[in-house]
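K.L.:
Next input, structure requested:
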Amino acid sequence: MNRWIITLLVSVCTLAIQAQDIEYTQSDSALVVKLLDVAKHQRGTENPIFYFGKKFLGLPYVAHTLELGDKEHLIVNLHGLDCTTFVETVVALSMCDQQDRRTFDAFCQNLSKIRFREGKMTDYTSRLHYFTWWAEDNERLGIVEDIAPKTAPWGAFTAVQTININYMSAHPSLYKQLKNHPQFVAPIKQYEQASNGRQFRYIPKKNMNWKQDTALGVIQDGDIVAMLTDSDGLDTRHIGIAFWQKGELHLLHASSLYKKVLLSPETFYEYEMNQAKHTGIRVFRFKE
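P.N.:
Residues are numbered from 1 along each chain as shown. Prediction:
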């Protein structure tokens with residue numbers, strides 16, 4: 001499958017235009033347009049994140065698709081997704097649907113806005129590598145919102161995560177771009193340190209066994225969920241999309257275990273209890 005690179009002029013503010021290289025295949029761009037055209041007539045009132053997420057069921061899980069080439073550029077790959085690129089792709093499609101902009105250029109502009117700090121791609125350090133960065137940046141841009149209560153009562157959000165990230169700067173040899181460009185390690189470390197100590201409320205995994213008619217019911221179909229960890233210098237280990245089935249919470253995600261995008265057969269609680277290093281979830285809602 002031939003991958004093409006084009007240069008797209010992306011509007012990053014009212015007075016500036018940014019040239020951006022985009023790598024994709026013809027089938028990627030055709031699929032984007034097809035999905036958006038069909039959604040205009042078929043989505044109805046269904047949550048857009050859940051609607052578009054299900055369109056990728058069965059798609060192969062493929063890791064490291066954003067690590068192509070030596071220079072940071074926008075990579076579009078709708079034929080192999082990991083957990084992060086799956087969620088980013090679905091959010092970008094939902095934004096296009098919301099905006100009624102049903103072109104591949106619009107999709108690329110939205111994907112770039114989601115993926116890079118303040119929506120502006122410069123180099124490897126501008127990518128939102130940790131979910132904490134991704135969440136904070138996309139909240140500032142008004143794309144998603146953290147649904148955890150800001151004041152008591154906390155409902156299902158009975159635990160607090162204190163950010164302590166350093167995995168990338170502590171293990172630069174594990175990242176192609178950091179290994180090839182050691183000058184990027186210092187700014188990555190600065191970003192990590194700027195995040196450390198921040199606190200966020202989350203739902204501990206023991207509470208995820210609650211039913212839909214309890215305080216856990218604040219979660220809606222299509223909410224974006226980040227599975228948290230408190231070890232190894234990381235903030236999260238996986239992300240996906242929540243949905244309810246027969247009163248129990250489930251997970252739609254790109255699974256490295258099953259090697260595809262799927263609706264997990266087990267409940268979300270059962271899934272989490274089998275993940276020793278997971279502590280619980282933060283929950284974000286796409287702002288329609």
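K.L.:
give me every residue that touches residue 249.
P.N.:
Contact analysis of residue 249 by CB atoms under 8 Å, 6 or more residues apart in numbering lists 208, 212, 216, 219, 242, 243, 267, 268, 269. Glycine gets a C-beta too; all of them are placed from N, C-alpha and C.
K.L.:
okay if I get those as a markdown table plus neighbour count?
P.N.:
Rendered in a markdown table, the data for the contacts of residue 249 read as follows (neighbours: other CB atoms under 10 Å):
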| residue | neighbour count |
| --- | --- |
| 208 | 23 |
| 212 | 14 |
| 216 | 22 |
| 219 | 23 |
| 242 | 22 |
| 243 | 22 |
| 267 | 17 |
| 268 | 27 |
| 269 | 19 |
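K.L.:
what's the distance between the closest residue to residue 140 other than its chain neighbours and residue 190?
P.N.:
Here the nearest residue to residue 140 in space, its sequence neighbours aside, is residue 118; by CB to CB, 6 or more residues apart in numbering that works out to 7.9 Å. For residue 118, the distance to residue 190 equals 16 Å [CB to CB, to the nearest Å].
K.L.:
Residue 82 too?
P.N.:
In this view, residue 82 and residue 190 are 26 Å apart by CB to CB.
K.L.:
Which of the two has more residues huddled nearby?
P.N.:
Taking neighbours as other CB atoms under 10 Å, residue 82 and residue 190 compare with residue 82 leading, 21 against 11.
K.L.:
just the strands in this structure please.
P.N.:
Assignment of strands within the chain using DSSP state E yields the ranges 4-13, 16-24, 74-75, 144-146, 159-162, 199-204, 224-228, 236-245, 248-255, 260-263, 280-286.
K.L.:
which of those sits most buried?
P.N.:
The highest mean neighbour count among these belongs to strand 224-228 (a mean of 26), with neighbours defined as mean count of other CB atoms under 10 Å.
K.L.:
That strand pairs with which strands?
P.N.:
strand 236-245 (antiparallel), strand 280-286 (antiparallel) (DSSP bridges).
K.L.:
Fine by me, thanks again.
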